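J.: requesting a structural model of the entry that follows:
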Amino acid sequence: MKACVLEEIGKIVYKDIPVPIVKTDTFVMKVEACAICGTDIKVYHYGHRLMVLPRVTGHEVAGTIIEIGKDVKIFKKGDRIAVAPAVPCGECYYCQRGFQGMCDNLTAIGFHYDGGFAEYMEVPAIAIKNGCANKLPDNISYEEASLAEPLACAINGQELSGVKSGDTVVIIGSGPLGCIHVDLAKAKGASKVIITEMSDLRLEMAKISNADIFINSSKEDVIKRVLSETNGRGADVVITACASGKAQEQALQIVAKRGNVNFFGGLPKDKSVINFDSNLLHYKEFSVVGTHGSSPKHNEIAIGLIASGKISVKKYITHRINLERLLEGINFVEKGESLKVIVKP
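T.: Residues are numbered from 1 along each chain as shown. Presented below is the predicted three-dimensional model:
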């Protein structure tokens, strides 16, 4: 089969590799769509401490089961599947308490196991056992299903942030996940959603989201504007959907009393320390949380939201490419010239 293999940091090779051989407790799926994620770009440039190369990457993946092990009873050949890539062990302290995303032994599709930038992919037994594979309703396309994973991450983030009906929500960063956060907040009943972004191009692309107000933070004072839009009160929830320490510091200044800040976008390892004015927290009594992924349950919820029409993800697909153009797709994402790029093997 054809696959894009990360052979070493900075080197992806489009080549023939063996088709995965199904085991008694696994299944092999034909990859129908795999979206490019910012994490795929980080791994391409810097690798990952948990990844042994060579590796087929790609983790926002959906496809069709073509071979199935005899011990797998809940699926069958021909089932349409989306796979939640973060695989919990199901046995550790956190898994036993329902916090699968915090699993002490977490593994992942595209990191520990070969991922979706290939014609075929094996789904490991532990992923099947712990609910990572979800059947797709007939009204969801494979492309939409591949975007259940980023939506699942947003769902986790907004659960932790307590987004609720009537809230004013500020999203800092208008990339794909920033836009998905906007639509999810509106679906939860937020009365006003503000999105801020430094790039004119990305802000213009984000106008297909359901945001009420768009602010270019390179041209306008975000703090003054948010306070003006909220009668001086600040936002109930602020989500930093970008890898910016400055954005995190800004979030602390624009959140309302008793509000919530979510550091959703992680910072570079060598720039992970910010200036945190703890008196803001002390006197305004707001909460600060972080989010770094999702659980299989969030993926299942995401599929339901897409199927119901409450969240439209297909509008964020700006490019569709075949497998051998993966590097071109990575370049689109890296330059900010796209929202979601779908690889179709």
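
J.: only C-alpha atoms from now on, for both contacts and neighbour counts.
T.: Will do.

J.: quickly find the element holding Arg202.
T.: Using DSSP states H and E, Arg202 falls within helix 200-205.

J.: then the next helix or strand after that helix to CSV, C-alphas only?
T.: Following helix 200-205 in sequence order, the next helix or strand is strand 213-216 (DSSP H and E). Below are the C-alpha coordinates for strand 213-216, written out as CSV (Å, rounded to 0.1, in the frame of the first residue of the first chain):
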residue,chain,number,x,y,z
ILE,A,213,-17.6,40.1,16.6
PHE,A,214,-14.3,39.9,14.8
ILE,A,215,-11.3,41.8,16.2
ASN,A,216,-7.9,42.2,14.6
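
J.: and the helix or strand following strand 213-216, which residues are buried?
T.: Moving toward the C-terminus from strand 213-216, the next helix or strand (DSSP H and E) is helix 222-229. Neighbour-count burial for helix 222-229 flags 222-223, 225-227, 229 (criterion: 16 or more other C-alpha atoms under 10 Å).

J.: could you do stretch 181-197 as well?
T.: Quick answer for stretch 181-197 (16+ other C-alpha under 10 Å): 181-188, 190, 192-197.

J.: widest-spaced pair of those residues?
T.: Lys188 and Glu197 (22.5 Å; C-alpha to C-alpha).

J.: which residues does Lys246 contact?
T.: Ile274 (C-alpha atoms under 8 Å, 6 or more residues apart in numbering).

J.: and it, its phi and psi?
T.: Dihedral angles of Lys246 (phi, psi; degrees, to the nearest 10) stand at phi -60, psi -40.

J.: hey, where'd the helices end up in the chain?
T.: Along the chain, the stretches classed as helices by DSSP state H are 38-46, 93-96, 125-129, 142-146, 148-161, 176-187, 200-205, 222-229, 245-254, 278-284, 296-308, 326-334.

J.: nearest to Asp79, out of those?
T.: Closest approach to Asp79 among those (C-alpha to C-alpha): helix 142-146, 11.8 Å.

J.: just to revisit the earlier point, closest one to Arg80 among the helices of the chain?
T.: Once those are compared by C-alpha to C-alpha, helix 142-146 is nearest, at 8.1 Å.

J.: distance between the ends of stretch 63-76?
T.: 13 Å (C-alpha to C-alpha, to the nearest Å).

J.: one more: stretch 80-93?
T.: 32 Å.

J.: how about it: buried residues?
T.: So, applying 16+ other C-alpha under 10 Å, buried residues of stretch 80-93: 80-90, 92.

J.: distance to Leu160 for those residues - can I get that in CSV?
T.: Output for these, formatted as CSV (distance: C-alpha to C-alpha, whole Å):
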residue, distance to Leu160
Arg80, 30
Ile81, 27
Ala82, 24
Val83, 23
Ala84, 19
Pro85, 20
Ala86, 18
Val87, 20
Pro88, 19
Cys89, 22
Gly90, 21
Cys92, 21
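
J.: of the residues you listed, closest to Ser308?
T.: Comparing the buried residues of stretch 80-93 against Ser308 with C-alpha to C-alpha places Ala82 closest, at 16.3 Å.

J.: you'd agree that closest one is up against Gly131?
T.: No. Judged on C-alpha atoms under 8 Å, Ala82 makes no contact with Gly131 at a distance of 10.9 Å.

J.: and the buried residues of stretch 80-93 as a markdown table, adding pLDDT and distance to Val72?
T.: Compiled in a markdown table, those are given as follows (pLDDT from 0 to 100; distance: C-alpha to C-alpha, whole Å):
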| residue | pLDDT | distance to Val72 |
| --- | --- | --- |
| Arg80 | 98 | 15 |
| Ile81 | 97 | 14 |
| Ala82 | 98 | 16 |
| Val83 | 97 | 16 |
| Ala84 | 97 | 18 |
| Pro85 | 96 | 19 |
| Ala86 | 96 | 20 |
| Val87 | 97 | 17 |
| Pro88 | 97 | 18 |
| Cys89 | 97 | 18 |
| Gly90 | 96 | 18 |
| Cys92 | 97 | 23 |
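
J.: show me what the helix holding Arg202 is in contact with.
T.: So helix 200-205 is contacted by 174-175, 196-197, 214-216, 336-337, 339 (C-alpha under 8 Å, 6+ apart).
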